[in-house]
Structures are given as structure tokens and as C-alpha cells.
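Participant: Quick one, what's the 3D model for this:
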Amino acid sequence: MNLNDFLDEISEPQIDESKSLSTVSIFQAGERVFNEGDLADDLYIVHSGKMGLSIEKSGKQYLINELQAGDIFGEMALINNDTRSATATAITDTELLSAQPEHQHRSGRHTYAVQL
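Facilitator: Residues are numbered from 1 along each chain as shown. Prediction:
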């Protein structure tokens, strides 16, 4: 998913309301953001740099996706209320925006804090 696709799904008031929940994190090349099987608490937006998503099979890591600025990852575990299905590792020095879901009581939908 790309940032523009994500922003089409939420309104400006929802973004403004939840900005206080977002954070900026910097990861060095080779540093893991999360591991396959971890509990999910955030989604991430690549602000700069490159991220790799990999899965483990028979004790080996296999790269399944490369992400760049504007790409979103980590949302599926939140949507499915499940653990992480892949490991996320910085390929280059990377700056990420992270957002935690905030439940909307009336609609039953999640909104996410996003700081641009």
C-alpha cells in the first residue's frame, strides 16, 4: 500500500485528531523494525530510505518485498488482529513514521495517526 492510497481512506479531521499518536524513528541499515511472529501495535510509513520484508522458511530468510518512500507496511497484522507475517529490516538508513490505531466508537473502524 502507498501513502496516497492510505490517505484516500481517512479524512483530514481524523488525521488531525490523531496526530499526537505518531512518532518518527530512524533505523540503521540492517536494523530490524519487527520480527515475523511479533505482536502488532503500529503501522509504518517509509519516509526515506528502503525497507525489506522477509519471511523465514527452513531456517533461511527470503526477501519478499522492498519498500521505499511513501510505502506503508505493518497494517495487515493490525487489520487482521494477528501477529506479524514477515520480518521488516532496514536495507538502507531509513526514517519511518509510525502510527498506532485508535478505535472509533461510532463507526467501528480504525483511524491512524499520521504525521506528514
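
Participant: contacts, neighbours, all on C-alpha from now
Facilitator: Noted.

Participant: residue ranges with poor pLDDT in this structure?
Facilitator: Counting by pLDDT under 70, the ranges of the chain that qualify are 1-21, 101-116.

Participant: So which residues of it form helices?
Facilitator: 3-8, 12-18, 75-79 (DSSP state H).

Participant: which ones are touching Ile55?
Facilitator: Ile55 sits next to Glu36, Gln61, Tyr62, Leu63, Ile64, Ser85, Ala86, Thr87 when contact means CA atoms under 8 Å, 6 or more residues apart in numbering.

Participant: For burial, what's the neighbour tally of Thr89?
Facilitator: 23 (other CA atoms under 10 Å).

Participant: Check Leu43 too.
Facilitator: Around Leu43 there are 23 residues (other CA under 10 Å).

Participant: From Glu31, how far off is it?
Facilitator: Look at Leu43 and Glu31: by CA to CA, to the nearest Å, they are 17 Å apart.

Participant: And for Phe73?
Facilitator: 16 Å.

Participant: Compare the two and say which is more crowded by neighbours.
Facilitator: Ranked by neighbour count (other CA under 10 Å), Phe73 and Glu31 place Phe73 first, with 19 against 16.

Participant: In space, what's closest to the more buried one - neighbours in sequence excluded?
Facilitator: Tyr44 (5.4 Å; CA to CA, 6 or more residues apart in numbering).

Participant: quick one: the strands in the chain?
Facilitator: Along the chain, the stretches classed as strands by DSSP state E are 23-27, 32-34, 43-48, 51-57, 60-67, 72-73, 87-90, 94-99, 101-103, 110-112.

Participant: Count the residues that sit near the residue lying closest to Gly30 once chain neighbours are set aside.
Facilitator: Leaving aside its chain neighbours, Gly30 sits nearest to Ala90 (5.3 Å; criterion: CA to CA, 6+ apart). Ala90 has 23 neighbours, counted by other CA under 10 Å.

Participant: Check the contact between Ala90 and Ile26; I expect there is one.
Facilitator: No: at 9.4 Å, Ala90 does not count as touching Ile26 under the criterion of CA atoms under 8 Å.
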